[in-house]
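**Student:** with the input below, show me the fold.
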Amino acid sequence: MKNKKRKVTSLRKKSVTVVLIAALVLAVIAVTISGAFYSYNMFGHYKQLAEQLADTSASLMSAEDIKHYYTEVKKLEPYDDEKYNSDEAYRKEYDEKVNAIKDDKYQEMLDILFTFADQSENRNEIEYIYVQVIEGNQVTYIFDADHTDEAYQLGTVVPVSDANTDKDGLENGIPAFISNNPDDGWLCTCMRPIRDSDGKPVALVGVDISMSKVVTEGIAYIVTLIIIMIIAVGLLSLLILRGTDKSMVRPINKLSEAARRFVEDRGKKSDEHSAITQLDIQTGDELETLCDSVKQMEQDINEYITHLTAVTAEKERIGAELSLATRIQADMLPNIFPAFPERKDLDIFASMTPAKEVGGDFYDFFLVDDTHLAMVMADVSGKGIPAALFMMMSKILIQNAVMSGKSPADALMTVNNQICANNREEMFVTVWLGIVDLETGLLTASNAGHEKPIVKSAHGDFEVFNDKHGFVIGGMEGLKYRNYEIQLAKGSKVFLYTDGVAEATDNAKELFGIDRTIDALNKCKDESPKKVLETVKASVDEFVGDAPQFDDLTMLCFAFEGGKSELTVEATLDNVAVAMDYVGEQAEKLPFSQKAINQIKIAVDELVSNVARYAYGEHEEGTVSVYVSSDEKGMSVRITDSGIPYNPLEKEDPDISLSADERGIGGLGIFLVKKTMDEIEYTYKDNRNILTFRKNFAE
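**Tutor:** Numbering: from 1, shown residues only. Sure, this is the predicted structure:
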């Protein structure tokens, strides 16, 4: 999924936005505070005015007269407001009765109220001044200083509309309060009690001051203030924008443009054409410091690029040399397989996977002569080029020593002395060196501190061969090493390796180990050496997973397929000696004593002579075949002919306690073979006599 291109907002817009938001917040706060302050002062003023006017009016009213008027009004027929407004005769009759109650004193007090109302009316402030008596849930008007036709006449009764006009309101009056109603608009109302000589409240004088003008003026004030604030915010934003643009945005844009051009022109060698070098920002603040830092950064980058170019070129040169060294190292080791395609007596395969471009592990194998193959497995201390150089030197020295005719132990001793003579870096190498006789399968080997070989018998499994180690090559001069022998039979295999196999590590820091190595080998024990190595490598890779390779991984597998092992000659007495010499030659290459070799030759003499004398009769001719095989325990000889069926083992053993004349002729040779050989058996198969005897190595 592709990342969407991020929208970029200019610093100028951000600055204006921030300033506008801040200014608008301040404007709202200012308008709110101003409005609240205006309302508090103006409403307070009118409340105080209403209270003063109500107090003055109450002090000028006569409580006794008001009680008299109220008493007289109550004597009249109860006031019916609906009838009064709809029945002209009723209204005229009621007005006549009310006017009869009014006297000069009544008119005098009404005039006083009109005087207050008229004086304030010029200022369009006082709306109503009235006197009323509250009784129960009814209000009876006594005075109403209102010039309009809507003025309440003496005795007009209306329902109580304000919960505050209860007994407590009549006793103490009603403090000034602000109200808004659809008919009269905004009013400031205040009521004060009119008390008699005993101090008891008789009636209430009410004052209603119109607040509509005040509220209208307040709204106009707020609107004007808002307009002023908007103009101020606009001017302030413009000033700040210009200041920000001059002191911040333009210098930053210059820096941005110079940086962009620097990237485009970074290939130029000289600083003369650098846009950053030509920058001249003198703001006297952090931007000027930033400009100086960018100039210094440009200088450092140019120096770094110059250095990096040189380092990159050097790295490429080293990389090319390492690649060449890798190829040279690979070419130094045998890498063409099959290695000896013309030979059927062996199969060998090897591989090396270095942890770095070049490694310190190495293997080698080469023919010393037509019947002897040398094998080397070694591991140099350290990694990289030093180890590779030490490896190549060690390989050449080992091969030269072996080719000069030395045994493995003598060859390692010679190489150790040569390396120790000039080893100031104190490097060392572990080496396993073996030479196998391809005719007999006898492997002579010596170990200088290396991993133990893993050997598979002809019909068995891979097992670790516990050889005795000598000290590493290059560790100490004058050391001697010992040879040991392993008898290989046809089908035997030898697996050689470095510690990179057993010590391969997974992400959990667990080692592959020698047990897993043997398990992997036994999965393919009957496969070719190449298949064996591929299986082990796959098992190691599966175990390690994606963990990094810390050590070189080097392996070699040798399979012994057997050399010249069968002789077929005419079944004549003259060829008995040929058969004896052939078997004796094979036996002399194995770790037999001379006595054992003589016993084997005597057994061949007896058995082949019997075939020559009796298998084919006097007038028939045939052949006899002698097949020799050996393993880690001894040697087997199989004598085969196609003569008449005859099992010499069925012949009764002679009584050797008798004299030669007494026991007769014949049977003694087979008896000697039985006694001197460890195993002997006969079978007749496919029209052939097959007699096999075996002689084991002395323990």
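
**Student:** alpha carbons only for contacts and neighbour counts from here, please
**Tutor:** Will do.

**Student:** can you list the residues that contact stretch 644-652?
**Tutor:** Stretch 644-652 is contacted from outside by 615, 616, 667, 670, 681, 682, 683, 684, 687, 688, 689, using CA atoms under 8 Å, 6 or more residues apart in numbering.

**Student:** got the contact list for the fourth one?
**Tutor:** Put plainly, it is residue 670. By CA under 8 Å, 6+ apart, the contact list for residue 670 reads 606, 607, 648, 649.

**Student:** hmm, which two among the contacts of stretch 644-652 are most spread apart?
**Tutor:** Between any two of those, the greatest separation by CA to CA is 24.2 Å, found for 667 and 687.

**Student:** tell me where the stretch 551-699 of the chain has strands.
**Tutor:** 553-560, 566-570, 623-630, 634-641, 679-685, 688-696 (DSSP state E, counting those that start in this stretch).

**Student:** residues touching the residue nearest to residue 603 when sequence neighbours are not counted, list them.
**Tutor:** Of all residues not flanking residue 603 in the chain, residue 673 sits nearest, at 5.3 Å (CA to CA, 6 or more residues apart in numbering). Shown in contact with residue 673 (CA under 8 Å, 6+ apart): 602, 603, 606.

**Student:** please redo it, this time with the cut-off set to 10 Å
**Tutor:** 599, 600, 602, 603, 604, 606, 607, 679, 680, 693 (CA atoms under 10 Å, 6 or more residues apart in numbering).

**Student:** pull out the buried members of those.
**Tutor:** Buried by 16 or more other CA atoms under 10 Å: 599, 600, 602, 603, 604, 606, 607, 680, 693, out of those.

**Student:** now these in JSON lines, with distance to residue 133?
**Tutor:** Formatted as JSON lines, these follow (distance: CA to CA, whole Å):
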{"residue": "599", "distance to residue 133": "160"}
{"residue": "600", "distance to residue 133": "158"}
{"residue": "602", "distance to residue 133": "164"}
{"residue": "603", "distance to residue 133": "161"}
{"residue": "604", "distance to residue 133": "161"}
{"residue": "606", "distance to residue 133": "165"}
{"residue": "607", "distance to residue 133": "163"}
{"residue": "680", "distance to residue 133": "154"}
{"residue": "693", "distance to residue 133": "153"}
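
**Student:** which among the residues you listed gets closest to residue 381?
**Tutor:** Distances from residue 381 to those, taken as CA to CA, are shortest for residue 600 (48.7 Å).

**Student:** pretty sure that closest one contacts residue 584?
**Tutor:** Yes. The pair residue 600 and residue 584 qualifies as a contact (CA atoms under 10 Å) at a distance of 7.3 Å.

**Student:** centre of the chain to the helix ranked longest in the chain, how far?
**Tutor:** Using DSSP state H, we find that the single longest helix of the chain is helix 11-60. Its chain's average C-alpha position is 61 Å from that of helix 11-60, according to CA atoms, centre = their mean, to the nearest Å.

**Student:** can you check stretch 611-624 too?
**Tutor:** 84 Å.

**Student:** so for that stretch, what gets flagged as buried?
**Tutor:** For stretch 611-624, the buried set under the neighbour-count rule, 16+ other CA under 10 Å, comprises 611, 612, 615, 616, 622, 623, 624.

**Student:** looking at these, spot the one nearest residue 139.
**Tutor:** Checking these one by one against residue 139 (CA to CA), the nearest turns out to be residue 624, at 157.8 Å.

**Student:** what is that closest one paired to in the beta sheet?
**Tutor:** Counting by DSSP bridges, residue 624 is bridged to residue 569, residue 641.

**Student:** quick check: pLDDT value at it.
**Tutor:** pLDDT, residue 624: 91.

**Student:** next one: residue 679
**Tutor:** So residue 679 comes in at 94 (pLDDT).

**Student:** now swap in residue 319 and tell me
**Tutor:** 59.
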